[in-house]
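A.B. asks: Quick one, what's the 3D model for this:
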Amino acid sequence: MRYFQDTIAAISTPIGVGAVGIVRLSGNQSLEITKKLFQPKHKDLKPYKLTHGWINNKYDKPLDEVLVSFMPGPGSYTGEDVIEINCHGNPAIMEAVLEAVMSLGARQAQPGEFTKRSFLNGKIDLAQAEAVLEMISAPTEAGVFLARNKLKGHLSRKIDTLRSRLQQLKEQLCLAVDFPEEEIECLPAHELALRVQKCQREVMGLIRDFEQGRIWTDGVLVVLTGRVNAGKSSLMNAIIGRERAIVTEIPGTTRDYLEEAINLQGLPVRLVDTAGLREAFDQVEIKGMEKGKELIGSADFLVLVMDSTMEPSSHDLEILDSMEPEKLLIALNKWDLITCAPRWTRELEKKHPFIFRISAKMGTGLEKLMARIRQAALTGKGPRPEGALIPNLRQKSCLEKASLELLELAREARAGISYDLLSTRLDYACSELDQVTGRITPDEVLNSIFDNFCIGK
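C.D. replies: Numbering: from 1, shown residues only. From the prediction side, this is the model:
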């Protein structure tokens, strides 16, 4: 039985001019509406086939040459009859097509409503629905792999397996409670505790995967710092391959911070150029330096850019003394301007393991610097994304609540708490697992999830 009776429509391609634009319809009237507007050139619409022809506007005038596809429910994305009209990617054309289908009874889709219908019509579960959005917004191919694993149902099957095992335990507890006088083999308390602990460890494994795997989705924060005119902005421009930061001979050109997202061989990186460190009296520059210090404190890695032609400043020395060695990388910039290594650089290299002789202007030494950032970021960061099951923040929260219930259940089982009370703990744990897959999910949670989708998906 289908969940909705009305028909929705939306433009499913990004705003702006493009080669192709798609207007999508879903619902019982999709085919009927399309047939009123579409004039096929050679043959009528056939399921799962592209049909060539002309689409009319709401005034029944030919508007554009299009390709139309028809996916009948339930074998479609939403589980309903779905039509996709592939027209030229002119916003005016797409808007006119949308107006035409709405004039014949369709209504404008809400954000994420196509995927919401897919969920409510039983085509996908909630974890898979969230994976659709993660697939769209993944910053790198690694992020796509993580979303793909969930979209294919791998996380859902893991959750369902855990829930099934807990449900079996609950059934055994219910036997002990309902038939206390019968000679029914009952699960001993210590065995119950062991089985619950095993499930809890698997839940914790998923939680740890979130902590270790978020690097593939949220990225690594790499902050460039150092004295004014050490070459931070030049280094940023050299890394991203274009002139993002203004570079001049005037000290203190960067008075705020600049941030760019880069793809470091599949690893998402947030690269930040901060205001140069010096004594400042200008309020704007002071604010910029304060923000830079905040970013330094939250950075996964700090690149201290030093001018190889000058002795370290007091600000350089402060960072060298205060920063955790494993998070600090030193870039000795302008190395092309010196003929032999100054004594202070040789002393520095004895104390700090990760020092790189570079020239941002010439582009030398940058590959080794970036390779070290990637290597350090991925050290001990859990499974590769190709096979990982990494929950998102909402799913992690549900898993943490389930884990706490299971921990308490195991403790109480060993303490001799009655089985009817322990059964309540199992109910709560199963309920939290159900919220991951959407078997049980409050309406406000569903709305908050699908409201983050774009209209047309």
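A.B. asks: could you show me where the strands are in the stretch 251-400 of the chain, in order?
C.D. replies: For the stretch 251-400 of the chain, the strands defined by DSSP state E, counting those that start in this stretch occupy 258-264, 267-273, 301-307, 328-333, 355-357.
A.B. asks: The second one vs strand 258-264, what angle?
C.D. replies: Spelled out, that is strand 267-273. Angle of strand 267-273 versus strand 258-264, following axes from the mean of the first three to the mean of the last three CA atoms, to 10 degrees, is 150 degrees.
A.B. asks: which helices and strands sit right next to strand 267-273?
C.D. replies: Under the contact definition 3 or more CB pairs under 8 Å, 6 or more residues apart in numbering; DSSP states H and E, strand 267-273 sits against helix 141-151, helix 215-218, strand 220-225, helix 232-240, strand 258-264, helix 366-378. C-beta coordinates here come from the backbone N, C-alpha and C atoms, glycine included.
A.B. asks: Repeat that for the fourth one.
C.D. replies: If you count contacts as 3+ CB pairs under 8 Å, 6+ apart, strand 328-333 packs onto helix 232-240, strand 301-307, helix 314-322, strand 355-357, helix 366-378.
A.B. asks: Sheet partners, orientation included, of it?
C.D. replies: Using DSSP bridges, strand 328-333 pairs in its sheet with strand 301-307 (parallel), strand 355-357 (parallel).
A.B. asks: pLDDT below threshold where in the chain?
C.D. replies: The model of the chain has pLDDT under 70 over residues 1-3, 174-186, 242-256, 276-292, 380-387.
A.B. asks: what residues go with each domain of it?
C.D. replies: Under the assignment automatic domain parsing, the domains of the chain span 8-123, 132-213+390-438, 220-378.
A.B. asks: and the longest one, how far out from the chain's middle?
C.D. replies: In terms of CA atoms, centre = their mean, to the nearest Å, the centre of domain 220-378 is set 28 Å apart from its chain centre.
A.B. asks: I'd like to know how many residues surround the nearest residue to Tyr48 once chain neighbours are set aside.
C.D. replies: Nearest non-adjacent residue to Tyr48, counting by CB to CB, 6 or more residues apart in numbering: Met71, 6.4 Å away. With neighbours defined by other CB atoms under 10 Å, the count for Met71 comes to 18.
A.B. asks: okay but Leu407 is in contact with Gln200, surely?
C.D. replies: Yes - assessed by CB atoms under 8 Å, Leu407 is found in contact with Gln200 at 5.9 Å.
A.B. asks: Between these two, which is the more surrounded one?
C.D. replies: When Leu407 and Gln200 are compared for neighbours, Gln200 comes out ahead with 21 against 17, by other CB under 10 Å.
A.B. asks: Next up, the contacts around that one.
C.D. replies: Gln200 makes contacts with 403, 406-407, 410, as judged by CB atoms under 8 Å, 6 or more residues apart in numbering.
A.B. asks: tell me which of the residues you listed is nearest to Leu146?
C.D. replies: The nearest member of the contacts of Gln200 to Leu146, counting by CB to CB, is Ser403 at 21.3 Å.
A.B. asks: about what we covered before: switch the domains of the chain over to CSV; also include distance to Asn452.
C.D. replies: Output for the domains of the chain, formatted as CSV (distance: least, CB to CB, whole Å):
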stretch, distance to Asn452
domain 8-123, 7
domain 132-213+390-438, 6
domain 220-378, 19
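A.B. asks: now for the ones you listed, which one comes closest to Gly456?
C.D. replies: With CB to CB, the closest approach to Gly456 among the domains of the chain belongs to domain 8-123: 3.6 Å.
A.B. asks: And that closest one, how far out from the chain middle?
C.D. replies: Offset of domain 8-123 from its chain centre (CA atoms, centre = their mean): 29 Å.
A.B. asks: Offset the numbering so it begins at 124, please.
C.D. replies: In the new count, where the first residue is 124, that last one comes out as domain 131-246.
A.B. asks: got the end-to-end distance for that domain?
C.D. replies: The straight-line separation of the ends of domain 131-246 (CA to CA, to the nearest Å) is 18 Å.
A.B. asks: Same question for stretch 459-472.
C.D. replies: 18 Å.
A.B. asks: which outside residues touch it?
C.D. replies: With CB under 8 Å, 6+ apart, stretch 459-472 has contacts from 431-432, 434-435, 443, 453, 455, 478, 482, 484-485, 487.
A.B. asks: and which of these is nearest Met493?
C.D. replies: Checking those against Met493 by CB to CB gives Thr487 as the nearest, at 12.7 Å.
A.B. asks: Do I have it right that the closest one meets Trp458?
C.D. replies: Yes - using CB under 8 Å as the test, Thr487 is close enough to Trp458 to be in contact (7.4 Å).
A.B. asks: which residues are common contacts for the two?
C.D. replies: Both Thr487 and Trp458 are contacted by Ile481, under the criterion CB under 8 Å, 6+ apart.
A.B. asks: who has more neighbours, the two?
C.D. replies: With neighbours defined as other CB under 10 Å, Thr487 and Trp458 compare such that Trp458 has more, 19 against 15.
A.B. asks: is it true that the more buried one touches Ile481?
C.D. replies: Yes - using CB under 8 Å, Trp458 is in contact with Ile481, at 6.1 Å.
A.B. asks: between the two, what contacts are shared?
C.D. replies: Residues touching both Trp458 and Ile481 (CB under 8 Å, 6+ apart) are 487-488.
A.B. asks: Quick one: neighbours of Leu418, just the number.
C.D. replies: Neighbour count of Leu418, defined by other CB under 10 Å: 19.
A.B. asks: try Glu567
C.D. replies: Per other CB under 10 Å, the neighbour tally for Glu567 reads 8.
A.B. asks: and Lys580, what is it in contact with?
C.D. replies: Lys580 touches 135, 235, 237-238, 255-256, 259, counting by CB under 8 Å, 6+ apart.
A.B. asks: what does Leu289 give?
C.D. replies: Contacts for Leu289 (CB under 8 Å, 6+ apart) come out as 319, 322, 549, 552-553, 556.
A.B. asks: now it, what's its secondary structure?
C.D. replies: Assigned with DSSP: H, G, I helix; E, B strand; the rest coil, Leu289 falls in the helix class.
A.B. asks: got it, and the one 3 residues further on?
C.D. replies: Of the three states, Leu292 takes helix according to three-state DSSP.
A.B. asks: I'd say it and Arg318 touch.
C.D. replies: Yes - with contact defined as CB under 8 Å, Leu292 and Arg318 form a contacting pair (6.1 Å).
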